[in-house]
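> For reference, the sequence and a predicted model appear below.
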Amino acid sequence: MRRVSVIVPTYNRLPMLRQALASIRELEAANPDVEFEIVVGDNGLDDDDAWLPGHVRPHLDFLDTHPEYDAVFGQAIYADPELRPTGEPWPEEHPGRGDDLTRRMLSGLFPQIGTVVARRSVIDQIGYFDTKLIGGQDLDWLLRLAGRHKLGFVPASCILFRGRVGGTSDALQRMRIGFDFRVFMRHGLPNALRLWKTPIGFIRAYHASLIHYYYYFHRKAIWFAEHGSLGETLEALVTPALYLPVLVAADLVRPTPLRKAIIRKMLQRPQAVS
């Protein structure tokens, strides 16, 4: 009998927690040789996903046949707040091994931590999550494994990855981009000469790893230019200008939708108030 320990952080979301726990327990019937030990941590926010029937077994088989690997991740499927699938399993293709995998993970590939199964010995080798990282700690942990060529992949759909209920916030995005920046530099800079042949490769990977934050603030800036004030528009560009100044400059110099929206806002005449 194997034991698979599952950690489920939760905080004031009992219906989601019940769904998460039920999806894990359903796998026990299909895997009679596996005992699931579920550890629920109170005061976290990662109880909103659900496991799929194809989880765990492919991972265990992979680890049995590949003793050189210490952990393996699978595919996730985006879902709406009601857990209805909204996309195809990702990553869609095999992300590679060794340095190829590390390079992909430093260029925008974020393996979903809920799709990972790791040997117990991993904790003794690379330790736990870095508690100084409020965001990006899962990617940092997986990059430690990938850098040792110890992280594998199975093309199996493992979880429904629920979209954030109510969306996200500017404050959360500003916090997360800061920690993802630290994770990229922590693993990218020391290995730059090995992973990329030229500085251009390093720069492209850096932009690819943070580009989704740029899109978020880029959309906000255009919205404020069309519906808000010029001050709000410029404020939305502060964070991307700090971390991705080349992209901001390119959008302001070229005839892009952002530049056109800002120019229209600047040319608007203030309305008289009677």
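Perfect, I can see it now.
> When you work out contacts or count neighbours from here on, use the C-alpha atoms and nothing else.
Will do.
> which stretches of the stretch 101-250 of the chain form helices?
121-126, 137-147, 170-188, 192-195, 199-227, 230-236, 238-243, 245-253 (DSSP state H, counting those that start in this stretch).
> Mean neighbour count, these: which tops it?
A comparison of those by mean neighbour count, using mean count of other CA atoms under 10 Å, puts helix 137-147 on top with a mean of 21.
> spatially speaking, which residue is in the middle of this structure?
residue 110 (4.5 Å; CA atoms, centre = their mean).
> how close does the closest residue to that residue other than its chain neighbours get to residue 235?
Ranked by CA to CA, 6 or more residues apart in numbering and with sequence neighbours excluded, the top spatial neighbour of residue 110 is residue 139, at 6.6 Å. Per CA to CA, to the nearest Å, residue 139 is found 29 Å from residue 235.
> Then residue 189?
30 Å.
> for residue 190, same thing?
33 Å.
> How about residue 108?
Distance, residue 108 to residue 235, by CA to CA: 26 Å.
> repeat for residue 71
42 Å.
> Tell me how many other residues crowd residue 30.
When neighbours are counted by other CA atoms under 10 Å, residue 30 registers 12.
> If you could redo that for residue 92, that was the one I meant.
Residue 92 - counted by other CA under 10 Å - has 10 other residues nearby.
> Let me know the helix or strand that it is in.
Assigned by DSSP states H and E, residue 92 belongs to no helix or strand.
> Quick check on it: phi, psi?
phi -70, psi -30 (degrees, to the nearest 10).
> What does the pLDDT read for it?
With respect to pLDDT, residue 92 scores 92.
> Spit out the contact partners of it.
For residue 92, the contact set (CA atoms under 8 Å, 6 or more residues apart in numbering) comprises residue 75.
> Kindly check the end-to-end length of stretch 103-120 for me.
Using CA to CA, the end-to-end distance of stretch 103-120 comes to 26 Å.
> Give the buried residues for that stretch.
By 16 or more other CA atoms under 10 Å, the buried positions in stretch 103-120 come out as 103-112, 114-118.
> I'd like to know which of those residues is nearest to residue 32.
residue 117 (17.6 Å; CA to CA).
> tell me the contacts of the closest one?
Counting by CA under 8 Å, 6+ apart, residue 117 has contacts 56, 59, 60, 71, 72, 73.
> what's across from it in the sheet?
residue 72 (DSSP bridges).
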